[in-house]
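Asks: test case, fold it:
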Amino acid sequence: MNSTNITLPLAPAAKLGAPPLPFMPDNHPELFPYVLLSMVIIAFQCFVIPFAYTVRVRAKVFSKDFMQQFWEEHHKAFPDDTLEAFEKTIGFPDMGSGVFAKKLSYADWFKFSNA
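Replies: Modelled structure (predicted):
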């Protein structure tokens with residue numbers, strides 16, 4: 001069996017000084033709408049998941065009753081805030097390792113951290 005050298009055409013990147021690829025990249029502009037649609041679906045999913053699931057778990061874990069224990073300390077630091085506005089924060093900016101989360105039960109902390 002004889003071995004022969006096969007010469008592949010240079011890819012456009014090779015013409016700019018990049019090392020040549022051992023293959024010619026595919027070029028299918030007719031598939032671009034499907035790629036674009038896939039990108040939009042992924043972006044939409046990344047935007048919706050926090051609102052559809054994570055915020056619901058956060059609202060259950062950092063409930064109004066739970067947040068009341070921090071009101072005095074918060075009011076000393078931010079005297080212009082109202083209790084109603086503070087209760088609606090649902091624990092923000094705590095991301096699971098802050099002042100509010102330290103007071104959670106293990107089960108609530110686990111639910112919140114996995115949301």
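Asks: so after the worst-scoring helix or strand of the chain on mean pLDDT, what's the next helix or strand?
Replies: Sorting the helices and strands of the chain by mean pLDDT, DSSP states H and E puts helix 12-15 at the bottom, at a mean of 56. Reading on from helix 12-15 to the C-terminus, the next helix or strand found by DSSP states H and E is helix 32-49.
Asks: what about the next helix or strand after that following helix, average pLDDT?
Replies: Next in sequence after helix 32-49, counting helices and strands by DSSP H and E, comes helix 55-61. Along helix 55-61, the predicted local confidence has a mean pLDDT of 91.
Asks: buried ones in helix 55-61, by neighbour count?
Replies: If you call a residue buried by 16 or more other CB atoms under 10 Å, then helix 55-61 has these buried ones: 57-58, 61. C-beta: built from backbone N, CA, C; applies to glycine.
Asks: so what's residue 92 up against?
Replies: Shown here is residue 92, which makes no contacts under the criterion CB atoms under 8 Å, 6 or more residues apart in numbering.
Asks: tally up the residues packed near residue 43, please.
Replies: The tally of other residues near residue 43 (other CB atoms under 10 Å) stands at 10.
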